[in-house]
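> no FASTA, just this:
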């Protein structure tokens, strides 16, 4: 039993540091949990809104352009071929 006392004396300050560290960590976690929660929620919203933004942008680009007319007009065909 006489050998156990020096070990506990050496561990005493380490255990005090552990207890103080746990207490400070709990307090800081409680203070900042709202901020971390806000960042997580904003990340989820961004993940959902970014594809929606690009889909709407793509749809607006496709719907605003007139379809390209690939057929040759009769007047252009006669002028380009040399026929008269």
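Now that the structure is in, tell me what you want to look at. It should be emphasised that the depicted structure is a prediction, and the values quoted were computed from it without experimental measurement.
> so how far is residue 25 from residue 13?
Going from residue 13 to residue 25 by CB to CB, to the nearest Å gives 18 Å. Every C-beta, even on glycine, is put in place using the N, C-alpha and C of the backbone.
> how far off centre is the longest helix along the chain?
What stands out as the longest helix in the chain, according to DSSP state H, is helix 4-64. Chain-centre distance of helix 4-64: 14 Å, with CA atoms, centre = their mean, to the nearest Å.
> that helix - what's its average pLDDT?
For helix 4-64, mean pLDDT is 90.
> give the other helices and strands that it contacts.
Packing contacts for helix 4-64, counted by 3 or more CB pairs under 8 Å, 6 or more residues apart in numbering; DSSP states H and E, involve no helix or strand.
> nearest residue to the middle of the chain?
The residue lying closest to the centre of the chain (CA atoms, centre = their mean) is residue 43, at 4.4 Å.
> next, the contact list for it, please.
By CB atoms under 8 Å, 6 or more residues apart in numbering, no residues touch residue 43.
> how far away is it from residue 50?
11 Å.
> with residue 39 instead?
Relative to residue 50, and taking CB to CB, residue 39 is found at 16 Å.
> same thing with residue 7?
Between residue 7 and residue 50 the distance is 58 Å, computed by CB to CB.
> please apply the same query to residue 27.
Plainly put, residue 27 is 36 Å away from residue 50 if you go by CB to CB.
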